[in-house]
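Enquirer: Sequence first, predicted model second:
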Amino acid sequence: MELPLIPGRECGPCVECCRFIPLDLPELSKPTGKLCGYCVDGAGCSVHAVRPQTCRTWFCVWRVVELDEAWRPDLSGIIVRPDGLLTGQMTLYVVRRTDFLRSALLFDTVAQWLGEGLRMAISVPGPVGTLPVRAEVTEFLLPAVAAGDDVGFATLFERVLDSLDQHDFEPDGIEERYAVI
Ligand code: SF4
Ligand code: SF4
């Protein structure tokens with residue numbers, strides 16, 4: 001998926017998609033939750049010039065939508081999946097629990113998206129090498145958002161995460177293969 005990027009915005013030290021998004025390509029496959037073998041943690045791709053096409057075109061929403069710096073996935077703990085910009089259902093892939101999950105920034109942005117008619121889902125990774133799980137949460141979160149209840153919203157959000165964490169995660173079946181170089 002190729003979306004126009006925000007000029008001047010870079011991933012910086014964030015490498016969360018290289019860690020939490022599975023790849024199953026002829027030249028590169030790596031399981032969910034395991035940092036790609038070509039990635040230098042905190043620095044980025046060591047095969048940048050010859051990286052697979054998928055890596056060239058996949059960017060999280062923070063790279064394409066004007067969101068605060070605090071939304072950067074390595075800081076917020078949330079990768080906002082880009083497919084939601086096309087489907088109308090935004091998925092917050094919560095890869096780590098951070099203080100950001102109780103922030104006004106998160107509440108205000110979700111309230112804005114719901115106000116624009118977008119739908120919301122929350123996803124979490126399981127143990128390394130298992131498929132993430134995802135839940136549709138629009139109706140669950142709407143009452144707190146409509147009431148402007150940020151504290152209640154944070155409680156509901158946490159409840160979703162607790163529930164998803166109990167999921168019986170299935171293996172993603174991906175075996176590592178590094179053949180880019
Ligand atoms: S998750 Fe987003 S900001 Fe982080 S490395 Fe991937 S595209 Fe860049
Ligand atoms: S090849 Fe590079 S961009 Fe692609 S997942 Fe690995 S480190 Fe990330």
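Expert: Thanks, I have the structure now. Ligands and ions are numbered 1, 2, ... in the order given.
Enquirer: Tell me the pLDDT of the most centrally placed residue in the chain.
Expert: Centroid-nearest residue in the chain, with CA atoms, centre = their mean: Ile79, separated by 2.0 Å. Looking at Ile79, its pLDDT stands at 98.
Enquirer: Repeat that for Ile181.
Expert: pLDDT, Ile181: 83.
Enquirer: Let me know how buried it is, in neighbour terms.
Expert: Neighbourhood size, Ile181 [other CB atoms under 10 Å]: 10. Quick note: C-beta positions are derived from backbone N, CA and C, even for glycine.
Enquirer: on that earlier part again, and the helix or strand harbouring the residue nearest to the centre of the chain, what does it pack onto?
Expert: Assessed by DSSP states H and E, Ile79 sits inside strand 78-80. Applying 3 or more CB pairs under 8 Å, 6 or more residues apart in numbering; DSSP states H and E, we find strand 78-80 packed against helix 16-20, strand 89-94.
Enquirer: Pull out the buried positions in the longest helix seen in the chain.
Expert: Assignment by DSSP state H gives helix 150-165 as the longest helix of the chain. Within helix 150-165, the residues scored as buried using 16 or more other CB atoms under 10 Å are 150, 153-154, 156-157, 160, 164.
Enquirer: hey, C-alpha coordinates of it in CSV?
Expert: Extracted in CSV, the C-alpha atoms of helix 150-165 (Å, rounded to 0.1, in the frame of the first residue of the first chain):
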residue,chain,number,x,y,z
ASP,A,150,-11.3,10.2,29.2
VAL,A,151,-10.8,8.3,32.5
GLY,A,152,-13.6,5.9,31.7
PHE,A,153,-12.2,5.6,28.2
ALA,A,154,-8.8,4.6,29.5
THR,A,155,-10.4,2.0,31.8
LEU,A,156,-12.3,0.5,28.9
PHE,A,157,-9.3,0.5,26.7
GLU,A,158,-7.3,-1.3,29.3
ARG,A,159,-10.1,-3.8,29.8
VAL,A,160,-9.9,-4.7,26.0
LEU,A,161,-6.2,-5.2,26.3
ASP,A,162,-6.6,-7.5,29.3
SER,A,163,-9.2,-9.5,27.5
LEU,A,164,-7.1,-9.8,24.3
ASP,A,165,-4.1,-10.9,26.3
